[in-house]
Structure formats: C-alpha cells, structure tokens
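>>> Here's a sequence, model it:
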Amino acid sequence: MRMSLNPVSRHRSSQFQESSLRPFYFTVVFWGAEHRAYFTDLLVASLLSPNNIPALKKERRSKFLIVTTLQDWRALQDHVLFRRLCLYVEPIFFEMPFPQKGDLKMLVMSKGHKQVSMKAYEDQAYGVYVTPDLVLSDGSVSAMERLAEEGKKVVLCVAIRFQQETILPELEQKGFLAPGCPLSMSSRELMDVALKHLHSETLRYEFEAPYFADSPISVYWWTVPGQRMIIHSFSWAPLVVDYGALKHHDTQTFENWTLDGDYIHRNFPNPGDVYVVTDSDEISLVSFTKEADLHFDLVPEPKKAQYGILTHVYKVGLIRALKDSLIMDPLKRYIFPKGVLLHSDASDPHKSEEGKHVEQVIRDACRPPTMWEQFFLEVIDQASTSRFAYQILQELQTAPLTSFPQNHLRKYFWIWVLIIRPRRVLLKILQAIAEVFRPLTNQVSQALWFYRYRRFLWWRLKEKLGVVEQRGFDWRQGGWDKPAVSLVCPLFTLMEVWRNRLWFWRYRRFVWWRLKEKLHIVEEQHFRWDQGGWEGPGISLACPIHTLRWGLKNRVWLWENRHLFKPWVKNFYGYRWKKKSKSPREFNNEIQTRKIG
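Take a look at the predicted model:
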C-alpha cells in the first residue's frame, strides 16, 4: 500500500531532517603575521567562493575552529574577508602561546590539531582539516557536503607541494588573486596554473626523472606535461572526518607525529570507510611552499637514468621498499594503488597506453620482487664495491635486455643464486644473531677489558686496601696491558718460571729470601740477585736436597746437639720463652764456641 504525507507531516519531516543535520567544523592552526596573511588572502578567500562555504546548509550551524595566538586573533577581527566569513560560520578561538625558537613546528601544529579534533569529536561534527596556505577550488566544500550526506566517513585528497614564488604572481596576473575579494577558481583553472609550478620536492617524485627520490612519498607520470598527470601517493590530506561515526577517539598520533601520519588508520582502520578523491574535477586543493624554506637539489643519478632495464627495476624497488616500511600503515598501503588524475583538460589518460604502463608499474611495486628483480637490484647496489656486479652492470646498460645474450645473462644469474646470494644471506643471519647476543657480547667485551688491564685493577685494589701507597696511576699509561710475573698473571708467571727454570734453580736462595720478604717473615733488606754467594747452596728450605745431604752427613752431631736446636726452631717460628731467645747469629756463635772448646 502506498502512503502519502499531508503538507503538515511533510513540513514536520523537513524540520526534523534540518535539525538532525550535523555541523561542519573547519579547523586551522597558524601563528605569525605571514601565515595570518596566507589564512585571510588564500584560504578564507577560496572558501568564500560561491560553491564553498556560502553553499553550506545554514541549518548545520557550522563553525570555524581557529588555533592561533591572541595577537593574531585580534588582528583578524578587522579583516574584510574574515568579517565576511563570520556571516556563514561561527569562528571559535583556541588560544595558543607563540612557539619558542627550539619548538618543532610540526609538533606545535599537532598540539593544535589535537585540541580541535577533540572538540569535533565531543560535538559529533564533521571535521575539515585545512592549512592557512591552502587554496580550494570552487565547489570543493559542496562536494564535501555531498559525500558526507552519502555516508562517507573519511574523504582523502592527495597532497603535494607547489612552488609559492612562481604560482602566486601568476594568480595575481590572471586576476584570480585580488585584495579583499573571494578567490574563485574552478578545478581545471586551478590545475591549469598549479601543474606548471611544482615544488622541487614534488619534481623528485616523477618516475621517469633521472633524479627520482630515494623515498618516493608520491609517484607520478606526465601524460601531457604541465596539463595532465597520474599520481599515486602515500601522502593524503584528510578533508572530511565524520566524528559522529566514532565510538572511541584515538589521539596518540598527535603526541609525536602529524595529522598525515597514522591518525586516520587508528580511528578508521576499515578501508571501506575511506573515500579517495581520484579526479581533480571533483575536489582540487593546492598548498604552497617556498623554495627558500625547503629546497631539494635535482641531481641526476646514473642508476636512475643510464642503466637500461635495471633503472626501471631499481625505481620500482624504491617504491616497494617504502610501501613495505614500518612508517606506512595498512590503510596507506591499501590506498596507494588508487591513481589520482590531476588535469586541466577533458581527456581520460587511464585508457591510453601511458595509463596501462602506470598500472603495470604499480602492480609490480605492490607484489613481492621476483628472483630476477632481486638479482638486478643487488647488481645496482653492489656495483660500487663488487667487480662481479660492476661487470654485469656495464654489459646490461650498454644493451637492452631483449638483445642481451640470454645464456650469458643466465650464467651471471646462477652464479649469483648459488654463490653470492647465499653468502649475503648468511651474513645477514649472522648480523641478526649478533644483534640478539649484543648484550652478552657487551658483557664479554667488558670482561676482556678487565682481563687485559688486570694488573692495573690489581694495583688499584691494593691501593684501596692500603697494602701499597696510593699513587693515582692512569690505566691509559703504557704497560698495564702487558702480563708480568705476579699473582695477577698466574699462567704467565708459571710460563716465565718454566722458561727460566735454570735461573730460578741457580738463584733459588735469592728467590726464597725475596719470598720471605714479601710475606713479611723477615725484614726487607733489598738484596740484589747478582750479589755474590746467592748461587751457592745453603742449609735452608730453598735447597732441600743439599740440606738433606748435609743432615745425613752430620746426623751424629745433630743428634748429640739436638737440645741446641729447639730454642732456635721455636724462635724462628715466633715462639717466646721465659728467657730471652737467642738470635740465629748468637746461636751459631755458641755452636762454634762449643766446638772449639
């Protein structure tokens, strides 16, 4: 059964829909007179074009959240374009302190973006992120509103840099940029001017250029130079963010990264929630950067221009390496294959041969490298250090791959597969193992240091214990790392004793006396070993065989006079008698006297 609404019910339904329209919160962060002028003369001027903010439904009660300093906020109040902007949206001021000299500009902006994003999430609004030096084509805001009403949760637009020094004079010359007037340009008019003034950073992203970037955040191909390009990118500007669709708001990205980091992925991980603008006719934006503030030298490199088929493989490898790196989140990897057409004409390059070539390059970059591609990449990377790679490179760059002898190429390939590649893989494995055991190796290296300078440590220990006088030796002084005859170097000491065993045997009486001096059994007298008499054997523990032979020879006398040795032995070992003990010299004199008597 068909149902119809009467005029009253239709009116009520219309009122309900109008009241349910959620607002758009345009957000911007800036400070200083220069960027304040960009905000009013470029961003606000372009937003005031007929099909941008003036075309928004007034029932939404949209707002403009402005994070700036108090001085800049007061200066805005008298600007004619800002006063006109206030007729369509309500400006909300978020005060920020003027950044200090050492503050990072990007993190200061991230702090402001965190504030406005939390406000948009609190009010369940649509967040629109813009920068003060941004120009939007006429109709961009209308397209944002249409996409939001279609249920798109996030709208992304490709973001590349354009050269400010040359593009602004052309806008003035063509009459688009006039003081106090809205800046109204269609998408194709904006692209007609902007595509001729790419910044040096953006120029490095041209795939066919000999100065192609090592980390290509974006990759583009000209189908008509200066008029039409196909671009694939990892850098996107989040124009519309539906905070009403969020159950939880993750702002961790703003702590140490910027808005174009992984903020969208953290809050909208489902790629189906993200809409990518793939044609500049729908939405066009241009952001300016001064070459004086940021410049890249466009220096051609041989491996990016002169290596024939290897150049193509190498550039694809650079794209693949960036795509698979840790700085790329899964959402950016998913979006990268989507090509964006920036153009000022009406043709469709995707159906041309150039479009097919671009699609093939992107497919190659999004799949794992083949064994042959790995071979080519290693030839380029190792050409400066490997004669084998240098020889292959010289032969391949002088002849196309189609005319190169296949058997010759296969020979090189199998040498690489069977010999060179396993060796490098093994080295990588060993490096990985070394990283795992790095803490242990650090401890081993410290232990080796302690062992090498053990003599110094031993001396310092004796100084700390008060065994020797403290002298403050420096471990860097020469000689500490050399072993010496001491308790600190037992192995060296044993080897030294064995090597000089004849000397030790000959002067064993001297060695024994020195040992007793070190053990403090006798008073230290500093005898020298080269003094006469040390090599002659004597009755002592140092000459046990001679002592035994003497004892056997004089055993009768020793037995008869055994009572004379008891006091001497006890005196030697430190025992005290009631009567004063005699010294060894007095004892010997007494024995001689008794013999004579």
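>>> need the contact list for Glu90.
61-64 (CB atoms under 8 Å, 6 or more residues apart in numbering). In short, each C-beta sits where N, CA and C put it, glycine included.
>>> Just those: which are in strands?
63-64 (DSSP state E).
>>> Mind checking which of the contacts of Glu90 are buried?
62-64 (16 or more other CB atoms under 10 Å).
>>> so which of those residues comes closest to Arg363?
Ser62 (41.7 Å; CB to CB).
>>> Report the contact partners of that closest one.
23-26, 53, 56, 88-90.
>>> what's the answer for Ile420, then?
Going by CB under 8 Å, 6+ apart, the list of residues near Ile420 reads 378, 388.
>>> and the buried ones among the contacts of Glu90 as TSV, adding distance to Ala237 and pLDDT?
Formatted as TSV, the buried ones among the contacts of Glu90 follow (distance: CB to CB, whole Å; pLDDT from 0 to 100):
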residue	distance to Ala237	pLDDT
Ser62	19	95
Lys63	20	96
Phe64	17	97
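>>> C-terminal to the worst-scoring helix or strand of the chain on mean pLDDT, which secondary structure element comes first?
Within the chain, no helix or strand scores below helix 7-19, which has a mean of 38 by mean pLDDT, DSSP states H and E. Scanning forward in sequence from helix 7-19 by DSSP states H and E, the next helix or strand is strand 24-29.
>>> partners of that following strand in the sheet?
Using DSSP bridges, strand 24-29 pairs in its sheet with strand 63-68 (parallel), strand 126-129 (parallel).
>>> isn't Asn267 right up against Lys247?
No - at 9.9 Å, Asn267 does not count as touching Lys247 under the criterion of CB atoms under 8 Å.
>>> Compare neighbour counts for these two and give me the winner.
Taking neighbours as other CB atoms under 10 Å, Asn267 and Lys247 compare with Asn267 leading, 23 against 5.
>>> Pull up the per-residue confidence for the more buried one.
Asn267 is assigned a pLDDT of 95 by the prediction.
>>> for Phe404, same thing?
Reported pLDDT for Phe404: 54.
>>> So for Pro179, which of the strands paired with strand 24-29 sits nearest?
strand 63-68 (21.0 Å).
>>> If we go by neighbour counts, what in the helix or strand just after the closest one is buried?
Using DSSP H and E, the helix or strand that follows strand 63-68 in sequence is helix 70-76. Neighbour counts over helix 70-76 (16+ other CB under 10 Å) mark 72-73, 75-76 as buried.
>>> Give me the contacts around helix 70-76.
Contacts for helix 70-76 (CB under 8 Å, 6+ apart): 30-33, 36, 39-40, 66, 68, 82, 93, 95, 98.
>>> make it 10 Å
30-33, 35-37, 39-40, 44, 66-69, 82-83, 85-86, 91, 93-98 (CB atoms under 10 Å, 6 or more residues apart in numbering).
>>> Point out the other helices and strands that the one helix or strand Leu331 maps to packs with.
Under the criterion of DSSP H and E, Leu331 resides in helix 330-335. On a contact count with 3 or more CB pairs under 10 Å, 6 or more residues apart in numbering; DSSP states H and E, helix 330-335 meets strand 154-158, strand 228-233, strand 236-242, helix 263-267, strand 274-276.
>>> can you redo the ones you listed as JSON lines with distance to Cys181?
Output for those, formatted as JSON lines (distance: least, CB to CB, whole Å):
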{"stretch": "strand 154-158", "distance to Cys181": "25"}
{"stretch": "strand 228-233", "distance to Cys181": "29"}
{"stretch": "strand 236-242", "distance to Cys181": "24"}
{"stretch": "helix 263-267", "distance to Cys181": "34"}
{"stretch": "strand 274-276", "distance to Cys181": "32"}
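>>> Looking at these, which is nearest to Arg188?
Of all the helices and strands packed on helix 330-335, strand 228-233 sits nearest to Arg188, with 10.5 Å by CB to CB.
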